[in-house]
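Student: Just need the structure, nothing else, for what follows:
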Amino acid sequence: MTAIDLSIVPMPAAKLRAYLRGFADWYAEALGEVGYGAGLDEACGGADALHDRVAALIPGLDADGMPAGSTVFDILVAGEPAPVGATWCGPADFGFGPILYIHDLRVFAPFRRKGYAREALATIRALSKARGHVKGVGLSVLARNTVARDLYLANGFVPISQVLFQPS
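Tutor: I've put the predicted structure just below:
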């Protein structure tokens with residue numbers, strides 16, 4: 001396989017709010033697909049209210065809706081004029097010691113299936129080692145996202161829990 005010259009760099013502040021809004025929109029949609037919040041958007045004043053409620057559930061945001069102690073990165077690949085994706089990482093501890101947690105890892109559609117997500121995971125792992133005092137890298141993945149689950153398993157991630165949900 002050809003080596004990929006990939007780097008992650010902190011996203012410019014001017015792009016951060018749009019990224020976080022897009023993340024919250026995606027998360028609200030994903031929760032809606034499994035029945036969470038069914039009817040909530042109408043009962044709470046529309047889709048913006050549902051978005052705001054979901055945004056409040058996203059871990060790692062401070063009172064201004066910005067990542068607290070974490071960083072959103074653009075994923076850059078040599079030869080590409082614009083970012084090929086984005087990732088949001090920050091510290092977390094789920095009871096087994098500190099980890100670098102990937103809140104989001106997204107490779108944009110035109111750039112998928114080129115090894116960029118795999119290389120981004122390796123870059124994030126190197127970042128976690130450079131920061132020290134962490135036991136590894138963690139993330140969550142939706143059960144229906146079999147492509148992502150397969151990617152993570154193939155890159156050394158192991159399941160440690162499973163969240164089950166029963167819609168009302």
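
Student: all strands of this protein, in order?
Tutor: Here the chain has its strands, by DSSP state E, at 6-10, 71-77, 85-93, 98-107, 137-139.

Student: List the buried residues of the longest helix seen in the chain.
Tutor: The residue-count maximum for a helix in the chain (DSSP state H) belongs to helix 13-33. Buried residues in helix 13-33, counted by 16 or more other CB atoms under 10 Å: 16, 19-20, 23-24, 27-28, 31-32. Where C-beta positions appear, they are placed from N, C-alpha and C, glycine not excepted.

Student: Then stretch 79-88?
Tutor: 83-88.

Student: Then stretch 149-164?
Tutor: Of all the residues in stretch 149-164, those buried under the rule 16+ other CB under 10 Å are 151-152, 157.

Student: Now the closest residue to Tyr152 other than its chain neighbours. Its backbone dihedrals?
Tutor: Excluding the flanking residues, the one nearest Tyr152 by CB to CB, 6 or more residues apart in numbering is Val141, at 6.2 Å. Val141 adopts backbone torsions of phi -140, psi 140, taken as degrees, to the nearest 10.

Student: Check the burial of Val141 by counting its neighbours.
Tutor: A total of 18 residues lie near Val141 under the criterion other CB atoms under 10 Å.

Student: which residues touch it?
Tutor: Counting by CB atoms under 8 Å, 6 or more residues apart in numbering, Val141 makes contact with 148-149, 152.

Student: Closest one of the residues you listed to Gly132?
Tutor: Tyr152 (23.1 Å; CB to CB).

Student: Now do the closest one, the pLDDT please.
Tutor: Looking at Tyr152, its pLDDT reads 96.

Student: Centre-most residue in the chain?
Tutor: Asp104 (0.6 Å; CA atoms, centre = their mean).

Student: Would you check that it makes contact with Leu20?
Tutor: No - contact criterion CB atoms under 8 Å: Asp104 and Leu20 do not qualify, at 9.5 Å.

Student: circling back to that earlier point, could you give the bridge partners of the residue nearest to the centre of the chain?
Tutor: On the basis of DSSP bridges, Asp104 takes part in beta bridges with Trp88.

Student: Alright, that wraps it up for me.
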